[in-house]
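Trainee: Quick one: sequence plus predicted model below, questions after.
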Amino acid sequence: MRRAYFPALLLAAYAGVPLVLGGNSYVMSLIDAALVIGGIALAWALLGNLGGMVSFGHSAFVGVGGYVSALLTAKAGLPVPAGLLLGGVGAVLAAVVMLPVLRLRGPYFALAILAYAHIFRILATEWTTVTGGAAGVSGVPPLPVIAGIDFGGKTGAYFVILTIVCVFAWIYARVSASHYGLALRAMHDSEDATQVLGVNSTLLKAAMLLLSAFMTGVIGAFNAHYIGFLEPDYAFAGLWVTLPIVAAIFGGYRTIAGPLLGAVVVYLLDQLVFKTLISSGHQLILGALLVAMIVFSPRGLLPLLTRGRKPDAGT
Amino acid sequence: MSDLILQALYSGVLAGGAYALIALGLALVFGTMRVINLAHGELVLLAAYIGYTVESRLGWSPVAAIPLAIVIVCAAAACVYGVVSRIRVDREINSLIATFGIGVILTNGILLVWSADVRSTSSAWLQEAVVMGPLYGMRGELVFFGVSLALMGALWWWLAKSWYGRAVRAVASNRDAAQLMGIPPGRTELVSFLVAGVLAACAGVALYSVGVIQPALGGALTVKAFIITVLAGVGSIPGVLLGAVLLGVAEALTVTLASSALQELAGMGLFLLVLFVLPNGLFGAVRRRG
Amino acid sequence: MQRILETTLAGLLCATLSAHAEEFTVGAELPLTGSLARVGAGMQEGIMVAAEVFNRSNGKHRIKIATVDDESAPAKAIAAVEKLASDGAVAITGGYGSNNIAPASDASNKLGLVYITSGGVDENLVTAGRKNFFRINNTAGYEKAALGLFADMKVKSVSIVYSTKDATSSLAQSVQKALTAKGVKVTAHPFDPAITDFKPVVNKIRLQDKPDAVFMVGYENDYVGILRAARVLKPQVKAMVGVWSLATPKMAAEFPDLMPNVYGTALLPFPATFSSADGKAFADTYKALYKKEPDYLGQFGYVQSMLLFEAIARAADKGTIKKGGIAEELRKTDRETLIGRVQFGANGDNVNFSHRMGQHQGKRIVIVWPPQHATGKMAYPGVPW
């Protein structure tokens, strides 16, 4: 995306959206939920693009981040912002446990991460003394009121998740533009060549897994405080795997803004348009749209929108 | 105690046969096209619901539903192939998403047509116990275990002896070389999808006859099939049976010796264990480069 | 001439009456898709029947139901409540699963809307200080029914097989504690909801536990699996007892070989007999609308919604709808319903809730506990094989 668009976009996001939509709780809650998915989609795409690994188990990080933050704030009384950060740290620790999986390729890696997600879910269900078992953690403290602004409310939460997502996008961009980013993208094309050149590919891939885990953990923690209730089935639900992937692919997972755009478009389109057309079974249209997108514009929505600006480089 | 373990092993083997039937179709397509059909579980589920419709409308045994199920599921599988073959860029991940989208369409379609109630066979014959010494089984389980073995044997024969079967193996091994040798890769891939459809149809009817189905089940079936496929290693049919039986036995033993709350843990743990030791699965050959 | 006069008078009367009558929109937030779709669909039927019966019997006010699917997801449950509120709903009925109900009722609370449900058994729902939250059932009611039945049976040992989901494990664990306190030997077998083959678990019960009764806490698919496995293994127990979704005409019709002598919670016997006009109106309307027998979900959905509509009507008559009148009126509820006498405590919980146990006997379902509602004697010992 052109750099020049950024200030305008940021202004629209921070000021425009709350001004125009702030009064409509319904749409704001949809946008909040969409940005949660968008953030996870961003982290997932980061792992895929920079780490070269497709994961089917990001729900593991969402769940671990959510639980760590919920338990530390509800049971140990830590303030919520600290909980968010520690949720990210918890997810990083979960990723450390997953490190042996790094040497697996393609679908093997993807499934191994999913296996971990299932294992964490069962752990959360069985470790009753710590996690509350199947009953989960109720009464997760909401985001606090700071300087008079209630961050637990729809618009307040919007600012928080928007900031989180923007910061992560910035981190993603910086990593991608750095030496490491160059090395990682080269690795994506040919791991052997980069290893010959002395790049420690395993270390870099591990770093990307940890970074992706951290981001997802923080967002999982945010979601736990936003919803206020956490149980194992929800914390590690399949939707944390499927929706971010759909969003990222839909928006164009090779770009940074793509996953975010995809998440917002897909979520809002599904809930505001399709759901009113077919109240039960509207996910069907979403499925059809997804298939159509893959077949006709595999690089996603973003390239489709910007295609008018520059000559088509061909696929 | 030994009675318990024997029964656990027996139940595990029977369950493994059923899992293998569900996984075979996915494994076949994965081996041939390197495409993971995430809609496979939904195809199996579709066949299961067709079994339900036949039993509840016509009053026949679900087994009689197999021919109809084969026709409908193969048509659906052909549609999946149609979508997947149109994908040219980044085939691996894009076909994942495309088949996922098809899976969503099928799950919601099933929900709209058949509603969310749970269904299973009411045939008393299939639910009767078959006792062999200390080993207890349900007649339906034994029937479909036999069907499963028969189908695997037929599949093995087909891959080894028939023209299309060998074409499928050729394309799986090296698509370009096969094309150069005059094998039409497109048509061969379609055939593999159709055969996967037949397998899914039988697996679905078996599922309805032995277990309980509901629309949300599709995803879980796909994941299980995927795990067994990966466990077995690419391109190995006996591997699928062995992997499935291993999974079934691991689950049954975990339930018997530890707790039934940990059944899924057994599957996931086994999966990770095998992958750490044998990254290409139990029987997987190292993938060709390129 | 007299005819014309009468008709005109009647017409005038109607016109004046309807001038004071209002139509109220009540929001139904339910899972119609996703993992809880089966439950949501059942509840919706009960809610629609309640609206139909209410509109027919209350000549003055009308209720219109607006339904939004919460897709079994908390974020969408919140959005559903918000949408219903912006569409003019005066109260919300529905919800299933504490994970979805907690955030949805919070959203409802912030909007000042009453939220009434029969799908959330978590204790935190009533202990967190939600002022507009009401529920007509809770774990304690199910527990009382199970314990009452076991006391009547005078069992010495029970094996509890339960799904590790929220509602099922909290019920199983509290029943376990209560039975153990009474000196009954209890072995617990929690199982992962994804299990389809119950033979290993039932075999453990058969060879190791050897209990008097098996207590199954799960959902329809779990019951079918457990009963099938039990029919194959034939453990020597005297009773198979379950909870919700088991003692229903649907289960009897679809799985006739698995149900004989099985116990489950049931509000009404089958064929249904009603002691009140309310009950009869419910059953007749249900059959007319949906062409099938009502089940427990429909019954709960009906009761919770009827109570809500009546409270709305009373508040409308007093003109307090906009001033929190619905919650006030709801709190004053004290009447007999299909599920017994309903009174709400200060925390919104139905203090009287106590379920009843039914047993499949032949093609009928007979209520066997508590004695004051029983329609027959329990066939004990008795199992489906």
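Mentor: That came through, no problem.

Trainee: residues from the stretch 151-300 of chain C in reach of chain B?
Mentor: C:164, C:189-192, C:194-197, C:199-201, C:203-204, C:207-208, C:219-221, C:224-225, C:228, C:231-234, C:250, C:254-258 (Cβ under 8 Å from any Cβ of the partner chain). Just so you know, the C-beta spots here come from the backbone N, C-alpha and C atoms, and that holds for glycine as well.

Trainee: so B:Val63 makes contact with B:Tyr208?
Mentor: No - the criterion here is Cβ atoms under 8 Å, and B:Val63 misses it with B:Tyr208 at 10.3 Å.

Trainee: list the contacts for residue 74?
Mentor: Defaulting to chain A. A:Val137, A:Gly139, A:Val140, A:Pro141 (Cβ atoms under 8 Å, 6 or more residues apart in numbering or on different chains).

Trainee: I was after chain B.
Mentor: Taking Cβ under 8 Å, 6+ apart as the test, what B:Cys74 contacts is B:Leu194, B:Gly197, B:Val198, B:Ala201.

Trainee: swap the cut-off to 7 Å and go again
Mentor: Neighbouring residues of B:Cys74 by Cβ atoms under 7 Å, 6 or more residues apart in numbering or on different chains: B:Leu194, B:Gly197, B:Val198.

Trainee: was I right about A:Leu84 contacting A:Phe222?
Mentor: Yes - A:Leu84 is in contact with A:Phe222 according to Cβ atoms under 7 Å; the separation is 6.0 Å.

Trainee: ok, the two, which is more surrounded?
Mentor: Per other Cβ atoms under 10 Å in any protein chain shown, whichever of A:Leu84 and A:Phe222 has more neighbours is A:Phe222, with 28 against 24.

Trainee: Could you report the separation of the more buried one from A:Leu42?
Mentor: Applying Cβ to Cβ, to the nearest Å, the value for A:Phe222 to A:Leu42 is 13 Å.

Trainee: Also B:Ser11?
Mentor: 45 Å.

Trainee: Based on its surroundings, how many neighbours for C:Lys323?
Mentor: 12.

Trainee: got the residues of the stretch 101-250 of chain B near chain A?
Mentor: Listed as neighbours of chain A in the stretch 101-250 of chain B under the rule Cβ under 7 Å from any Cβ of the partner chain: B:Gly101, B:Ile102, B:Val104, B:Ile105, B:Asn108, B:Gly109, B:Leu111, B:Leu112, B:Gly219, B:Phe226, B:Ile227, B:Val230.

Trainee: Please enumerate residues in contact with the helix or strand encompassing the last one?
Mentor: In this case it means B:Val230. Taking DSSP states H and E as the definition, one finds B:Val230 inside helix B:217-232. Helix B:217-232 is contacted by residues A:107-108, A:111, A:238, B:19, B:22-23, B:26-27, B:30, B:36, B:38, B:40-42, B:44-45, B:103, B:106-107, B:239-240, B:242-244, B:247, B:267, B:271, B:274, B:281-283, C:194 when judged by Cβ under 7 Å, 6+ apart.

Trainee: Try it again at 6 Å.
Mentor: Under the contact criterion Cβ atoms under 6 Å, 6 or more residues apart in numbering or on different chains, helix B:217-232 has outside partners A:108, A:111, B:19, B:22-23, B:26-27, B:30, B:38, B:40-42, B:44-45, B:107, B:239-240, B:243-244, B:271, B:274, B:281-282.

Trainee: Alpha carbons of it, in PDB - could you do that?
Mentor: The C-alpha trace of helix B:217-232 is given here as PDB (Å, rounded to 0.1, in the frame of the first residue of the first chain):
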ATOM      1  CA  LEU B 217     -19.500 -33.300  12.800                       C
ATOM      2  CA  GLY B 218     -17.900 -32.700   9.400                       C
ATOM      3  CA  GLY B 219     -14.900 -30.700  10.600                       C
ATOM      4  CA  ALA B 220     -13.900 -33.200  13.300                       C
ATOM      5  CA  LEU B 221     -14.000 -36.000  10.700                       C
ATOM      6  CA  THR B 222     -11.700 -34.200   8.400                       C
ATOM      7  CA  VAL B 223      -9.200 -33.500  11.200                       C
ATOM      8  CA  LYS B 224      -9.200 -37.200  12.200                       C
ATOM      9  CA  ALA B 225      -8.800 -38.300   8.600                       C
ATOM     10  CA  PHE B 226      -6.000 -35.800   8.100                       C
ATOM     11  CA  ILE B 227      -4.200 -36.900  11.200                       C
ATOM     12  CA  ILE B 228      -4.300 -40.500  10.100                       C
ATOM     13  CA  THR B 229      -3.100 -39.600   6.600                       C
ATOM     14  CA  VAL B 230      -0.200 -37.700   7.900                       C
ATOM     15  CA  LEU B 231       0.500 -40.400  10.500                       C
ATOM     16  CA  ALA B 232       0.600 -43.000   7.700                       C
END
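
Trainee: any idea of the mean pLDDT for it?
Mentor: When pLDDT is averaged over helix B:217-232, the result is 87.

Trainee: Then stretch C:178-194?
Mentor: 92.

Trainee: Now do it: distance from first to last residue.
Mentor: This stretch, stretch C:178-194, spans 28 Å end to end (Cα to Cα, to the nearest Å).

Trainee: where do the strands sit along the stretch 201-315 of chain A?
Mentor: Ranges of strands in the stretch 201-315 of chain A, per DSSP state E, counting those that start in this stretch, are A:229-230.

Trainee: Check residue 9 and give its pLDDT.
Mentor: As the question left the chain open, I've gone with chain A. 79.

Trainee: wait, chain C
Mentor: 57.
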